[in-house]
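**Q** Turn this into a structure:
(one chain, ligands or ions: 1)
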Amino acid sequence: MKEQLRLSLALAMVSIVLFTACQSSHGGMEAHEVWARTGVKDGNGAVYMVLHNHSNRADELVGAASDIAQTVELHKSEVNDQGVMVMLKQDSIPLSANGEIVMQPGGYHIMLIGLKRDLKEGDTFKVTLKFKSSPDLTLDVAVRGGGMEMQPHGEHDHGSGEHEHEHPMSTPTP
Ligand SMILES: [Cu+2]
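**A** Alright, predicted model coming up:
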């Protein structure tokens with residue numbers, strides 16, 4: 001009886017692993033856990049995911065596009081030598097053969113600059129990834145709550161000294 005229970009537990013765990021593992025049959029690019037922070041119209045947002053390259057050839061992520069924002073850029077958050085978190089625009093992000101890019105808060109992300117509408121928990125929108133070699137990949141992005149909202153441009157931050165930043169730095173950076 002005890003053995004049987006153990007066996008069924010093991011089988012259950014195997015099926016969970018199979019379910020969450022990559023569906024790698026097509027040998028191309030695949031994204032997992034694609035999500036965005038909540039945000040407000042005219043503010044900024046960020047998209048995160050884990051991107052897998054299931055092919056034996058290295059490639060590069062060279063851009064992203066979406067109707068949701070005025071401008072869409074590849075960014076990397078980094079702590080500079082003064083200990084300040086900054087966001088650096090990336091012209092491309094390398095993706096090794098059978099490798100992955102982890103986009104998460106505090107690291108790589110897809111920056112949405114000038115949102116065309118509010119992003120509320122449960123909303124979805126589309127983002128298209130562009131690669132150097134692989135075909136474009138269009139993804140459904142789910143908006144998750146709990147993200148820190150980015151301040152809209154305008155009233156609150158046309159003070160001096162901050163204008164060289166693309167997004168206000170007073171809020172936590174993606
Ligand atoms: Cu950014």
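**Q** measure Arg117 to the ion for me?
**A** Using Cβ to the ion, to the nearest Å, one gets 19 Å for the distance from Arg117 to the ion. In short, each C-beta sits where N, CA and C put it, glycine included.
**Q** tell me the contacts of that residue?
**A** For Arg117, the contact set (Cβ atoms under 8 Å, 6 or more residues apart in numbering) comprises 41, 68.
**Q** three-state assignment of it?
**A** Classification of Arg117 into helix, strand or coil gives coil, according to DSSP: H, G, I helix; E, B strand; the rest coil.
**Q** For it, give its distance to Leu129.
**A** Counting by Cβ to Cβ, to the nearest Å, the separation of Arg117 from Leu129 is 21 Å.
**Q** repeat for Arg37
**A** Distance, Arg37 to Leu129, by Cβ to Cβ: 18 Å.
**Q** try Gln82
**A** Using Cβ to Cβ, one obtains 32 Å as the distance from Gln82 to Leu129.
**Q** Which of those two has more residues huddled nearby?
**A** When neighbours are counted by other Cβ atoms under 10 Å, Gln82 and Leu129 differ, and Leu129 comes out ahead with 24 against 6.
**Q** any idea which helix or strand carries that one?
**A** Using DSSP states H and E, Leu129 sits within strand 124-131.
**Q** Would you mind identifying the next helix or strand past that strand?
**A** Taking DSSP H and E as the definition, the helix or strand that follows strand 124-131 towards the C-terminus is strand 137-144.
**Q** hmm, back to that, what are the pairing partners of the strand holding Leu129, and which direction each?
**A** Strand partners for strand 124-131, identified by DSSP bridges, are recorded as strand 59-65 (antiparallel), strand 137-144 (antiparallel).
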